[in-house]
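A.B. asks: A predicted structure for the sequence below; I have some questions about it.
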Amino acid sequence: MDFIDLLKLLASILALAVAIIGHEIMHGWVAYKFGDTTAKNAGRLSINPLIHIDLVGTIIVPATMYFLPMLMGSDGGFLFGWAKPVPVNMGTVVRNAGYNGAMQVDLAGIVYNFTLAAFASIAIMNMPQPTTANGVIYIFLYLFVIKLLIINVVLGVFNLLPIPQFDGANFVAHLALKYKMNHIAEFFYKYEKYGMIIVLVVLMTPLKDFLLLMPVQTILSLLLS
């Protein structure tokens, strides 16, 4: 690993931390606005990264996604992961703001990711591409903004997928409950325990090309056009 590769890795780690920690905090913050103090009382509205680390989502999955391609002889993969979910009492949210409030909590992290990606795209289009004449700090900043753009789009797209236990499924379930289609919500709740297995299947098989990479490439093209 040369110096530029090391800068890319560090930029990726920092961008991933900003993306996933902010994503989780936004769930708790919106829930707090609707009267649920669970996340605040648990100290989970803090930007301290240590309290948001999830062994699988923050360490094992990102390391595997990045280094496994290198071990197989190709370039490093992309960083992908998630933080420990911020606790939210949806019962309180629904009592205070109805299912519309619950759906806003569900989408809060996704909105954060796409908003951050939009700002990163504006920044990158106004930043000259670094050359050997630029200092290390500018090169790192340029790489960080690129990684911030890509990772936030990946997380935004991924969380829109209706995978049980994740934001897209939670949104569909609350939308179904709003319109009294309880059987749809019950389906997602029934298979919540299989959510992580589905995630790993998607990430480790060609499914990721169709469900994740193709939508990501389309959105990146739109943001950078």
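C.D. replies: Yes, it's here. Residues are numbered from 1 along each chain as shown.
A.B. asks: what number of residues lie near the residue nearest to residue 4 when sequence neighbours are not counted?
C.D. replies: Leaving aside its sequence neighbours, residue 4 sits nearest to residue 139 (C-beta to C-beta, 6 or more residues apart in numbering; 7.8 Å). Every residue, glycine included, has its C-beta placed from N, CA and C. By other C-beta atoms under 10 Å, the residues close to residue 139 number 19.
A.B. asks: on contacts alone, who are the packing partners of the lowest-mean-pLDDT helix or strand in the chain?
C.D. replies: Lowest by mean pLDDT, DSSP states H and E among the helices and strands of the chain is helix 61-71, with a mean of 74. If contacts are counted by 3 or more C-beta pairs under 8 Å, 6 or more residues apart in numbering; DSSP states H and E, helix 61-71 sits against helix 3-33, helix 195-204.
A.B. asks: and the angle for the longest helix along the chain with helix 3-33?
C.D. replies: Secondary structure of the chain read by DSSP state H shows that its longest helix is helix 90-125. On the basis of axes from the mean of the first three to the mean of the last three C-alpha atoms, to 10 degrees, helix 90-125 is oriented at 140 degrees to helix 3-33.
A.B. asks: residues touching the residue sitting furthest away from the middle of the chain, list them.
C.D. replies: What lies farthest from the middle of the chain is residue 133; by C-alpha atoms, centre = their mean that is 34.2 Å. The contact partners of residue 133, by C-beta atoms under 8 Å, 6 or more residues apart in numbering, come to none.
A.B. asks: Could you pull up phi and psi at it?
C.D. replies: phi -80, psi -20 (degrees, to the nearest 10).
A.B. asks: next one: residue 131
C.D. replies: Phi and psi for residue 131, reported as degrees, to the nearest 10, are phi -120, psi -180.
A.B. asks: just to revisit the earlier point, verify the stated contact: the residue nearest to residue 4 with residue 7.
C.D. replies: Yes: at 6.3 Å, residue 139 counts as touching residue 7 under the criterion of C-beta atoms under 8 Å.
A.B. asks: what is in contact with these two at once?
C.D. replies: Contacts common to residue 139 and residue 7, judged by C-beta under 8 Å, 6+ apart, are absent.
A.B. asks: so where's this structure uncertain?
C.D. replies: Applying pLDDT under 70 to the chain flags the ranges 1, 69-79.
A.B. asks: for residue 80, helix, strand, or coil?
C.D. replies: Using DSSP: H, G, I helix; E, B strand; the rest coil, the structure places residue 80 in coil.
A.B. asks: ok, now residue 88?
C.D. replies: Here residue 88 is recorded as coil under three-state DSSP.
A.B. asks: who are the neighbours in contact with residue 152?
C.D. replies: By C-beta under 8 Å, 6+ apart, residue 152 lies in contact with 15, 19, 113-114, 116-117, 120.
A.B. asks: Next, the buried residues of stretch 192-212.
C.D. replies: Using 16 or more other C-beta atoms under 10 Å as the test for burial, stretch 192-212 gives 196, 198-199, 202-203, 208, 211-212.
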